[in-house]
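Participant: Any chance you can model this:
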Amino acid sequence: MKRLLATSLLGLAAFTIQAQEVVKDLPKTKLTVVGGLSNLTAYQNGEQPFWSKTIPELSDGKISVDIKGYNEMGLKGPEVLRLVAQGVIPIGSATLAYFATDNPINEAIDLAGLAPDIKTAREITDAFLPAYEKHYDANNTKLLGISTYPAQVLFCQGKFEGLSSLKGKKVRTSSRTQAEFVQAFGGSSVTIPFGEVVPALQNGVVDCAITGSLSGYSAKWYEVSDHLYALPINWNQQLIVANKAFWNKLDPKVQSFLQDNVKTLVNNIWDAAAVETQQGYDCNTGAEACTLEPKGKMTLVEPSEEDRKQLKEVMGQTVIPSWAKRCSADCVESFNQYIGPIVDITANK
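Facilitator: Next up, the predicted model:
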């Protein structure tokens, strides 16, 4: 299934990685990169071919790259950013949510319910880049870009009509902000590893679970749940960072070349995430547009206007105030400067 999914989405995602021109006057440079989870399409169709093929080709063979997914290195993910900061990993990809407990600023762009569509998620991410560039620079890292995974959405077993249906339900969540979101609507948060969600839904340990729309399809959640709620809870953005000392030693031409091309990689992954989010909706519900087999038979629940109104109220009254209490004054100020105008919400310390 994983191979089928990756192959099918290769054409679906349409990564246009050859977007830059060949640069012929670069010094010979060898890079080591630790990418994201190797069995996901963002790595298989984006990062891996970008670093192993596109960068060498566009540098006229002057830059060579050794890349592996962090799981192939025996890592679990949360260590990547710390190892980059320490100089053990020169360049790496890291899931922003992993570092929420290190510093709540890492939650700022992906608070649950903050971006109910990918356009808003991208706008928020791009707007907050100056704050993250400053933050990571102070922590021995150079931020090269922020990409994303597809939308994280609710799979539910039993009647589900919208956000009000969360009341009284047990929901598998994977981050603090997801848990706070569920609790704000009267549900209870349950922490369960991804691989144990199918039996948990099957046996009634949980009523709902949150994951990527396509990840849930690949794990056959459509066999143990019957309602898919088409409101992105959050997105799981990914940092692409370099160790600052390593980066500063690179030739300025190499730095410029890498920055330009990473921007293209990031754009392509965002475009693919939008397509894969919809493909997840289509394949879990058996829509004709689904290009994969087998097709699920879930019911797709679209968010109502009342849902969107409730979402705005809960964000302003519960989720963002809870986050602001644990973030620094500078962090809250940055939120209000860069994100507040986009979502029309002000955070108060």
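
Participant: now the helices for the stretch 1-150 of the chain?
Facilitator: Ranges of helices within the stretch 1-150 of the chain are 2-13, 41, 48-49, 55-58, 79-86, 118-127, 129-137, based on DSSP state H, counting those that start in this stretch.

Participant: so which of those gets nearest residue 267?
Facilitator: Closest approach to residue 267 among the helices of the stretch 1-150 of the chain (Cβ to Cβ): helix 118-127, 9.3 Å. (C-beta placed from N, C-alpha, C; glycine too.)

Participant: And the average pLDDT for that closest one is what?
Facilitator: For helix 118-127, the mean per-residue pLDDT is 98.

Participant: Stretch 208-226 now?
Facilitator: The model assigns stretch 208-226 a mean pLDDT of 95.

Participant: Endpoints of it, how far apart?
Facilitator: 10 Å (Cα to Cα, to the nearest Å).

Participant: And stretch 180-196, by the same measure?
Facilitator: Chord length of stretch 180-196, first to last residue, is 22 Å (Cα to Cα).

Participant: Please apply the same query to stretch 35-48.
Facilitator: Stretch 35-48 has an end-to-end distance of 8 Å (Cα to Cα).

Participant: can you give me how far it is from the chain middle?
Facilitator: On the basis of Cα atoms, centre = their mean, to the nearest Å, stretch 35-48 sits 12 Å off its chain's mean C-alpha point.

Participant: returning to what we had before: what's the most buried one of the helices of the stretch 1-150 of the chain?
Facilitator: helix 41 (a mean of 26; mean count of other Cβ atoms under 10 Å).

Participant: per-residue confidence for residue 5?
Facilitator: Note on residue 5: pLDDT of 44.

Participant: repeat for the one 3 residues further on
Facilitator: Residue 8 carries a pLDDT value of 40.

Participant: got the contact list for the spatially closest residue to residue 59 that is not a sequence neighbour?
Facilitator: Nearest residue to residue 59 in three dimensions, chain neighbours excluded: residue 26, at 5.2 Å (Cβ to Cβ, 6 or more residues apart in numbering). For residue 26, the contacting residues are 59-60, 62-63, 251, 253-254, 257, by Cβ atoms under 8 Å, 6 or more residues apart in numbering.

Participant: Go through the residues you listed and flag which are in strands.
Facilitator: residue 63 (DSSP state E).

Participant: So residue 306 sits against residue 162, correct?
Facilitator: Yes. With contact defined as Cβ atoms under 8 Å, residue 306 reaches residue 162; the gap is 7.0 Å.

Participant: okay, these two: which has more neighbours?
Facilitator: More crowded of residue 306 and residue 162, by other Cβ atoms under 10 Å: residue 162, with 18 against 11.

Participant: Excluding chain neighbours, give the residue nearest to the more buried one in space.
Facilitator: Nearest residue to residue 162, sequence neighbours excluded (Cβ to Cβ, 6+ apart): residue 307, at 4.6 Å.

Participant: What about the one you found, how many residues nearby?
Facilitator: Using other Cβ under 10 Å, residue 307 has 19 other residues around it.

Participant: one step back: which among the helices of the stretch 1-150 of the chain is found nearest to residue 167?
Facilitator: Nearest to residue 167, of all the helices of the stretch 1-150 of the chain, is helix 118-127, at 25.7 Å by Cβ to Cβ.

Participant: shaky segments in the stretch 1-150 of the chain?
Facilitator: 1-20 (pLDDT under 70).

Participant: what about 50?
Facilitator: 1-18 (pLDDT under 50).

Participant: Mean confidence (pLDDT) on the helix or strand hosting residue 266, please.
Facilitator: Secondary structure from DSSP states H and E places residue 266 in helix 252-285. When pLDDT is averaged over helix 252-285, the result is 96.

Participant: One more: stretch 309-317?
Facilitator: Here the average pLDDT along stretch 309-317 is 92.

Participant: what's that stretch in contact with?
Facilitator: 111, 113-114, 116, 163-164, 181, 184-185, 231, 303, 343, 345.

Participant: Weed out the non-buried ones from those residues.
Facilitator: 111, 113-114, 116, 163, 181, 184-185, 231, 303, 343, 345 (16 or more other Cβ atoms under 10 Å).

Participant: didn't residue 250 look like it was pressed against residue 29?
Facilitator: Yes. Counting by Cβ under 8 Å, residue 250 touches residue 29, with 6.9 Å between them.

Participant: which parts of stretch 337-349 are buried?
Facilitator: Across stretch 337-349, burial judged by 16+ other Cβ under 10 Å covers 338-340, 343, 345, 347.

Participant: Kindly apply the preceding question to stretch 58-77 instead.
Facilitator: By neighbour count with 16+ other Cβ under 10 Å, stretch 58-77 contains the buried residues 58-59, 62-63, 65, 67-71, 75, 77.

Participant: farthest pair in those?
Facilitator: The span of these, defined through Cβ to Cβ, is set by 62 and 77 at 31.3 Å.

Participant: Outline the domain layout of this structure.
Facilitator: 2-150+236-278, 152-234+287-343 (automatic domain parsing).

Participant: Need the buried residues of stretch 58-77 in JSON lines (columns: distance to residue 332).
Facilitator: Shown next, in JSON lines, are the buried residues of stretch 58-77 (distance: Cβ to Cβ, whole Å):
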{"residue": "58", "distance to residue 332": "41"}
{"residue": "59", "distance to residue 332": "42"}
{"residue": "62", "distance to residue 332": "45"}
{"residue": "63", "distance to residue 332": "40"}
{"residue": "65", "distance to residue 332": "39"}
{"residue": "67", "distance to residue 332": "37"}
{"residue": "68", "distance to residue 332": "38"}
{"residue": "69", "distance to residue 332": "35"}
{"residue": "70", "distance to residue 332": "31"}
{"residue": "71", "distance to residue 332": "35"}
{"residue": "75", "distance to residue 332": "32"}
{"residue": "77", "distance to residue 332": "27"}
